[in-house]
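Q: need a structure here:
(2 chains)
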Amino acid sequence: MSEVIVITSGKGGVGKTTTTANVGTGLAQLDKKVVLIDTDIGLRNLDVVMGLENRIVYNLVDVVEGNCRMKQALIKDKRYPNLSLLPSAQTRDKSAVSPEQMIKLIEELREEFDYILLDCPAGIEQGFKNAIAGADRALVVTTPEVSAIRDADRIIGLLGANEVKRTELIVNRLRMDMVKRGDMMNINDVTDILAIDLIGAVPDDEQIVISTNQGEPLVGSDCLAGKAFANICHRILGEEVPFLDLEIKSSVWGKLKEIFKKN
Amino acid sequence: MSKPVVLKSNRYGINLILDDSMEFESLLDCIRERFKDSEGFFKNAKMAISFEGRKLTQEEEFRIVETITDHTSINIICILDNDALREELIRQKIERFEDEQAGKTGEFYKGTLRSGQVLDCETSIVILGDINPGAKVISKGNIVVLGALKGNAYAGANGNEQAFVAALDMDPIQIKIGDVMGRSADKVTGKKRLKKQKVVSEPQVAIVKDGNIYIEPITKGLLNNI
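A: Numbers count the residues shown, from 1 in each chain, chains lettered A, B, ... in the order given. Model (predicted):
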């Protein structure tokens, strides 16, 4: 039984594409057959983050318009034989595809893959409607900022109105040092407002920037963000995984400073 | 000179717009002429009739109807009242009834209202969930939120300033009761902001007093007054 998951956020720049790339790669590492679909027509970049840009021949719009077969457009990731990417078109815009066409396309892919991940564009217009049309489940990505949370709230409402059955939350780019100082909302503050299940919390990590620039997802690597994404993959499969301890271990000097601060 | 008799059809039949200055007898002649002209059009029609533009006595109304039925095959079923004053009275009565109902009856809504969602209610409303920033609740009666009110609430939407808004966690962006509007205090800027929001919340109620919105903790004394 395959599952269609849309990764969305409303606000741009919170890490939808990075999350899609890492969760998709992570699921492929767990021996699941995965296809990633970039629905951000006109502003494609999932292929860049995956490091597969140079292999694009056909794209999503070509498949929908019947210019090629599905097989021809799917790009197999050489690093993970289970992982494929359906890139988006760069020279068209969102109106090139309709929700009905997306549903049909997804039905075709369901036969072959265990997980179909849709990277949703920012906003709530046509592109968003296309992306959520065929989805069974949604991962809403937000950062602990009021603007991102406000947009996520709107998105959760829209997902409910469009009968996406399951909606879960990923809090991205947490900075524990700022949370500790009280300058950033913590995970509980975010889940209190949005009132949906949390499926992962990803710390802000320099390694993410490096990995996206290199086109090499870091899921499963030793850094905190890599572990966090790997945990999200396990939770998607239904496993119970405790949340990472993101607390910063303070040095002796730091602890001393804290004691003095308290007094 | 404008026509002394104008025929206008409406949902139920025709509306006669009559000249106010003319002698009644000559007006009757005009009516007869007017209906004769359109005899073919109204043939055997059954309709209600109403008058406009001239104050008629009961006898005069009766004579007009007689004139029409005598000279045409139109079947007039009834005379409709077209009194603007009476209409206004009826409208007020209905609205007052609706207002009373709005305060007395209520509905439930279960779930969180999220940004962009609007809940519009003819009666009072009890919400089992939160109202998030960017969401809006409009009610002609009262609003009770069993959760956090962090968005906009508009109680007494038909202008009733006796309405109230109650919430377990009162942190609204804007509250409007009747025609009185209140907005949240401007946020404290600077470093302490996030920490400051950690105040323990208690159930509060917003009411209108002297043309201003007051938000107060729910106490027995206060509840007796609203």
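Q: I figured residue B:138 was touching residue B:117, is that so?
A: No. Using C-beta atoms under 8 Å as the test, residue B:138 is too far from residue B:117 to be in contact (11.6 Å). C-beta here means a position set from N, CA and C on the backbone, and glycine is covered the same way.
Q: the more surrounded of these two?
A: residue B:117 (21 against 18; other C-beta atoms under 10 Å in any protein chain shown).
Q: ok, the residue in chain B that chain A sits nearest to - how many residues close by?
A: Minimum separation of chain B from chain A (C-beta to the nearest C-beta) falls at residue B:114, amounting to 3.4 Å. A total of 28 residues lie near residue B:114 under the criterion other C-beta under 10 Å.
Q: on the pLDDT front, check it for me.
A: For residue B:114, the pLDDT comes out at 93.
Q: ok now whichever strand or helix holds residue A:192, how far from the chain's centre?
A: Using DSSP states H and E, residue A:192 falls within helix A:187-194. Distance, stretch centre to chain centre, for helix A:187-194: 19 Å (C-alpha atoms, centre = their mean, to the nearest Å).
Q: again with stretch A:157-169
A: Worked out by C-alpha atoms, centre = their mean, stretch A:157-169 lies 16 Å from the chain centre.
Q: quote the end-to-end distance of that stretch.
A: Across stretch A:157-169, the terminal residues are separated by 13 Å (C-alpha to C-alpha, to the nearest Å).
Q: any idea of the mean pLDDT for that stretch?
A: Per-residue scores along stretch A:157-169 average to 93.
Q: need the residues of the stretch 1-150 of chain A near chain B, please.
A: residue A:150 (C-beta under 8 Å from any C-beta of the partner chain).
Q: circling back to that earlier point, buried stuff in the next helix or strand along the chain from the helix holding residue A:192?
A: Later in the chain than helix A:187-194, the nearest helix or strand by DSSP H and E is strand A:197-203. For strand A:197-203, the neighbour count (16 or more other C-beta atoms under 10 Å in any protein chain shown) marks A:198, A:199, A:200, A:201, A:202, A:203 as buried.
Q: one step back: how about the residue of chain B closest to chain A, what does it touch?
A: By C-beta atoms under 8 Å, 6 or more residues apart in numbering or on different chains, the residues touching residue B:114 are A:153, A:154, A:156, A:157, A:160, B:132, B:134, B:135.
Q: ok, now residue A:25?
A: Residue A:25 neighbours (C-beta under 8 Å, 6+ apart): A:50, A:77, A:80, A:83, A:217, A:219, A:220.
Q: what about the stretch 151-263 of chain A, any weak spots by pLDDT?
A: By pLDDT under 70, the weakly predicted segments of the stretch 151-263 of chain A are A:248-263.
Q: now do the helices in it.
A: A:176-181, A:187-194, A:206-214, A:224-236, A:252-262 (DSSP state H, counting those that start in this stretch).
Q: select from the contacts of residue A:25 every entry located in strands.
A: residue A:83 (DSSP state E).
Q: could you export the contacts of residue A:25 as TSV, including neighbour count and distance to residue A:14?
A: Converted to TSV, those look like this (neighbours: other C-beta atoms under 10 Å in any protein chain shown; distance: C-beta to C-beta, whole Å):
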residue	neighbour count	distance to residue A:14
A:50	27	19
A:77	20	24
A:80	17	25
A:83	26	23
A:217	29	17
A:219	24	18
A:220	15	22
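Q: rebuild the contacts of residue A:25 as JSON lines, extending it with distance to residue A:58.
A: Listed next are those as JSON lines, based on distance: C-beta to C-beta, whole Å:
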{"residue": "A:50", "distance to residue A:58": "16"}
{"residue": "A:77", "distance to residue A:58": "16"}
{"residue": "A:80", "distance to residue A:58": "21"}
{"residue": "A:83", "distance to residue A:58": "18"}
{"residue": "A:217", "distance to residue A:58": "23"}
{"residue": "A:219", "distance to residue A:58": "27"}
{"residue": "A:220", "distance to residue A:58": "30"}
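Q: grab the longest strand from chain A for me.
A: strand A:166-174.
Q: list the buried ones in that strand?
A: A:167, A:168, A:169, A:170, A:171, A:172, A:173, A:174.
Q: which ones are touching the residue nearest to residue A:74 when sequence neighbours are not counted?
A: Nearest residue to residue A:74, sequence neighbours excluded (C-beta to C-beta, 6 or more residues apart in numbering or on different chains): residue A:84, at 4.5 Å. Neighbouring residues of residue A:84 by C-beta under 8 Å, 6+ apart: A:34, A:35, A:36, A:74, A:75, A:76, A:77, A:113.
Q: surely the second one meets residue A:74?
A: Put plainly, it is residue A:35. Yes. Under the criterion of C-beta under 8 Å, residue A:35 makes contact with residue A:74 at 6.8 Å.
Q: lowest-scoring secondary structure element of chain B by mean pLDDT?
A: helix B:193-196 (a mean of 47; mean pLDDT, DSSP states H and E).
Q: any idea how many residues pack against the closest residue to chain B within the stretch 151-263 of chain A?
A: Nearest residue of the stretch 151-263 of chain A to chain B (C-beta to the nearest C-beta) works out as residue A:157 at 3.4 Å. By the criterion of other C-beta under 10 Å, residue A:157 has 20 neighbours.
Q: how far away is it from residue B:64?
A: 60 Å (C-beta to C-beta, to the nearest Å).
Q: coming back round to it: for the residue of chain B closest to chain A, give me phi and psi.
A: Here is the backbone geometry of residue B:114 (degrees, to the nearest 10): phi -100, psi 170.
Q: which residues does the residue nearest to it when sequence neighbours are not counted contact?
A: Leaving aside its chain neighbours, residue B:114 sits nearest to residue A:157 (3.4 Å; criterion: C-beta to C-beta, 6+ apart). Residues in contact with residue A:157, defined by C-beta under 8 Å, 6+ apart, are B:113, B:114, B:115, B:116, B:117, B:135.
Q: now do 10 Å
A: B:111, B:112, B:113, B:114, B:115, B:116, B:117, B:132, B:134, B:135 (C-beta atoms under 10 Å, 6 or more residues apart in numbering or on different chains).
Q: just residue B:36 next, same as before
A: Residue B:36 makes contacts with B:71, B:72, as judged by C-beta under 10 Å, 6+ apart.
Q: A helix includes it, no?
A: Yes. Assessed with DSSP: H, G, I helix; E, B strand; the rest coil, residue B:36 lies in a helix.
Q: farthest pair within the contacts of residue A:157?
A: Spanning the widest gap among those are B:111 and B:134, at 15.6 Å by C-beta to C-beta.
Q: so for those two, which residue has more residues nearby?
A: Taking neighbours as other C-beta under 10 Å, residue B:111 and residue B:134 compare with residue B:134 leading, 19 against 15.
Q: for that one, what are phi and psi?
A: Per degrees, to the nearest 10, the backbone of residue B:134 is at phi 90, psi -10.
Q: report the contact partners of the closest residue to it other than its chain neighbours.
A: In this structure, residue B:134 finds its nearest non-sequential neighbour in residue B:115, 3.0 Å apart by C-beta to C-beta, 6+ apart. Counting by C-beta under 10 Å, 6+ apart, residue B:115 makes contact with A:10, A:149-158, B:131-136, B:150-151.
Q: so what's residue A:116 up against?
A: Here residue A:116 is in contact with A:2-6, A:24, A:33-37, A:84, A:86, A:105-106, A:109-110, A:134-136 (C-beta under 10 Å, 6+ apart).
Q: longest helix in chain B, please.
A: Secondary structure of chain B read by DSSP state H shows that its longest helix is helix B:84-104.
Q: quick one: residues in contact with the host helix or strand of residue B:16.
A: For residue B:16, the host element (DSSP H and E) is strand B:13-18. Defining contact as C-beta under 10 Å, 6+ apart, one finds that strand B:13-18 is touched by B:2-9, B:24, B:27, B:30-31, B:34-35, B:38, B:42, B:45-56, B:60, B:64, B:68, B:74, B:76-80, B:82.
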